[in-house]
Each structure stands twice: as structure tokens, then as C-alpha cells.
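Trainee: model this:
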Amino acid sequence: MASDDNEVTLKIQTLETNSEKFPPIVVRVPSRYDLLKNCQETEEVGASVKVYKDIKRTNRFQVRAKLNGSDVEFIGSNYDGEASRPQLCNYAFALIDKATNTIKMIPIAANKIFRLEPKIGNSDELEDVPQNALSREEKAEAMKDLQLLYSTRKSERERNALRAYDDAETRQDLDKKIEGINLPAEADEVAASSINERNLPPYDLEASDPSRAYPLEKIISKGEWRYLLDVFHVSQVGGEVTPEVYPSFVCNRVHKLESIKDENEKRKLAGIFSFITHLIRFKDKHAMDSVRSVAHHKIPGILFHKFSSMFVDSESKRLATEKIELLISYVLVLTLFVDDFRTDLTDIAMDLRMPAFKLRSYYESLGCKLVREKQLLLATLPLPLTFPATTRRKRRR
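Mentor: This next block holds a predicted model:
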């Protein structure tokens, strides 16, 4: 810092919030009324300022300022009004100590600036405020404005694409465009086979190769591969795929990437690893006994939206039994791709938190055959693709 052509060296010190001490609060009065000015007019007039803290929700504060003898009280809080909107900025005081040439940064309480509104009354009781001071529509609109202001162009394009997908008129326009496209006969068969009552991923009964029995492009769309590069990047920098982050199925097979020379094929396999991870973590997130491994797992927005529309019941917001079975089927189909359609049931059963013998019926419903090799039970996919006569699984009462 320079002042009068003299250089001054300052040391900056950041003070963390101390639970035993109450951090400072900044308040403002939107009107022209000046509390401090009126306090200084006469020595007889004094002011009282009280700060309330919610016992149950410790991040909630309310400030009440009042001139003694006046019926007007100024009240502000951080849980209603403008302060309840999403706050993307943190605030702090900067105190300059000229004696020691030190700048101390002190965080403001709850990172909020309180707006004091006048209220006529003489009550010292803390008002009850509803849990959601803003309506859902108001919060959504506020979040949309903040995203537009602070987000990157890339993330905004992704959100716009999802909003367009949800728009009914846009879907109708897409349907009309699709009707005008002449699809090959094979694609028509695949699309028709995906509309079934078997609760399975899209399949092709006429496939002559196991890799076409369940077309991968019908499971992972073209635009989703760009969000499935985490395993690929970890392998490129020599990082380790740990069980704390990835399922054991992925950890036990990630070494296959080292033997693949073609980069496109390596990206494809790594993308399948990532997709399996997101599917399993999505299932765990919606489980009643959610495991700690999903607490910090982030599913890309485009995939979370897709999984929610496919597997989550719109009314209960939970995974119904049929949806869980469908999700498991998607996972198992991808395990077949990873293991060249001869996969061991042991580790994927552990990831899905199911006994291996129970997983057999899921593979069989996909048209797989179970064979034993060297004391291992492997699921294979013979062709032509056929399904058992009874596909509905028995449930224990």
C-alpha cells in the first residue's frame, strides 16, 4: 500500500469464527431514518440493540433495534425477506491497525447483512416465522437469477438444455422432427423392443452379436459421454481408483484400461465405469439406510435428471420396487460389457448390497445363462437373446 509516496507493508490476518464469541453484525435501515443521529441529539434518549439466536437452528439470527421511549422498533433477520435468498458472497470487516501495520479480517455473523424494517409495537418476544418464508416459485426464480449472474456459460447451456427437454412444446417439436427421419429397419426394431413390460433396458431380439443385444447407445446417449471422464482422467495421471469413491466392481477391473491402446476404446470403458458408479450411488442416495460413501458423491446434473425421470416415482419421490429392479438391470447389463459378457457376480452383488444368489434371477431375466468355471459363477449372454417364460420375480412377504 502506498500513501504520500511512502510504501507501507501490511500483514493480513484472517480471524476464524469463534463459537464462544459472537461475530459482528452489519445492519442497515432502508429508509432515511438515522438511528445514530437521533440518539446523539439528546443525552436522555438512549437506544437498545438486541440480537436473538435460534436455539435449534443456530444459523438463524434476529436483530431488534429501538429508541428508548419510542413505539417504533426496527427488526431484521436472516431467515425472511431478502436475507433468506441464496447468498453466494461472504462478508467480513477489515480492521487496519496502524501501530502494528496489520489488517485483520473478521467474518460477519452468518455472512449476512441485516435489513431493519420498522414495526410499531412494544414486544420483546421473538416472532415465529414459518419454515419456508419464500414460496417454492420465489426460491426457484431467485436461484435462476443467481445462476444466470454467477454461473459459467457451459453450466448455463446444460441447464437450458434440461429446461428445453422439460418443456412440453419442445418435446412435441422434437417428436415431429423425429417422425420425418427415415430410420433403418434395425433401429426400428431396437426402439420397438425397448417398449416392453419386462422392465429391462432397451434390447434387440435379432442381434447377432452380444454387444448389440443391449445397444450401448440406448443406455448411454452421445451427449452423456463428456460427463463420464473422471475414471479416464484418474488413469491418465496415474491416480488410484479407491473403494472410498468407486464401487468394488470398478476398483477390481480398472486395470483393464492399461492394456487398451486405442484411446477411444479406453474412454469408452472408463465411461462405462463412471456410469456404473453413478447408477449405484444414485440407488444408495435413495436407500432408506443410505451409506456414507454417497455423502460427497456428485452426480453430473444431466445424469441426475435422467436417473430421476427414469427411476424416481414422481409422487413419492422414492424408488419404487419396479424402478429399483430396472436400475439394477441397467447396472448388470453394463457389467456384461466390461467383462466381455462373462462376468463374475461376487463384487457387483456386494456393491448393490445384495446376496449373490439373489442376483442370479436378475441376470437370468436379462437372458443370461449362469455357468461355473473354476469355482466361479459367471453370467454369460448367449444368442439369440431369449427370456425365461416367467420374468416376474417372487417377493418375500
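
Trainee: C-alpha from now on. contacts and neighbour counts both.
Mentor: Will do.

Trainee: after the helix or strand bottoming out on mean pLDDT in the chain, which helix or strand is next?
Mentor: Within the chain, no helix or strand scores below helix 185-194, which has a mean of 41 by mean pLDDT, DSSP states H and E. Next helix or strand after helix 185-194 toward the C-terminus (DSSP states H and E): helix 210-213.

Trainee: C-alpha coordinates for that next one, PDB please?
Mentor: Coordinates of each C-alpha in helix 210-213 appear next as PDB, following Å, rounded to 0.1, in the frame of the first residue of the first chain:
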ATOM      1  CA  PRO A 210     -23.800 -59.900 -27.700                       C
ATOM      2  CA  SER A 211     -22.800 -56.200 -27.800                       C
ATOM      3  CA  ARG A 212     -25.900 -55.400 -29.900                       C
ATOM      4  CA  ALA A 213     -28.300 -57.400 -27.700                       C
END
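
Trainee: show me what counts as buried in the longest helix that the chain contains.
Mentor: Across the chain, the longest stretch assigned as helix under DSSP state H is helix 263-285. Judged by neighbour count (16 or more other CA atoms under 10 Å), helix 263-285 contains these buried residues: 266-285.

Trainee: equivalent analysis for stretch 369-386, please.
Mentor: Here stretch 369-386 shows 370, 377-381, 385 as buried, counting by 16+ other CA under 10 Å.

Trainee: now these as CSV including secondary structure, pLDDT and distance to residue 11?
Mentor: Output for the buried residues of stretch 369-386, formatted as CSV (DSSP: H, G, I helix; E, B strand; the rest coil; pLDDT from 0 to 100; distance: CA to CA, whole Å):
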residue, secondary structure, pLDDT, distance to residue 11
370, strand, 93, 70
377, strand, 88, 66
378, strand, 93, 66
379, strand, 94, 66
380, strand, 94, 67
381, coil, 95, 68
385, coil, 91, 72
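
Trainee: the chain: helices as residue ranges?
Mentor: In the chain, the segments counted as helices under DSSP H are 35-41, 136-150, 153-166, 168-179, 185-194, 210-213, 230-236, 248-251, 263-285, 301-311, 321-338, 346-351, 356-365.

Trainee: got a list of what the nearest residue to residue 371 once chain neighbours are set aside touches?
Mentor: With CA to CA, 6 or more residues apart in numbering as the criterion, residue 371 has its nearest non-adjacent residue at 5.3 Å, and that residue is residue 378. In this structure, residue 378 makes contact with 342-345, 370-372, judged by CA atoms under 8 Å, 6 or more residues apart in numbering.

Trainee: do residue 330 as well
Mentor: 200-201, 219.

Trainee: next, format these as JSON lines and append pLDDT and distance to residue 95.
Mentor: Shown next, in JSON lines, are the contacts of residue 330 (pLDDT from 0 to 100; distance: CA to CA, whole Å):
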{"residue": "200", "pLDDT": "92", "distance to residue 95": "64"}
{"residue": "201", "pLDDT": "93", "distance to residue 95": "62"}
{"residue": "219", "pLDDT": "95", "distance to residue 95": "57"}
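
Trainee: out of the residues you listed, which is nearest to residue 117?
Mentor: The closest of those to residue 117 turns out to be residue 219 (CA to CA; 54.8 Å).
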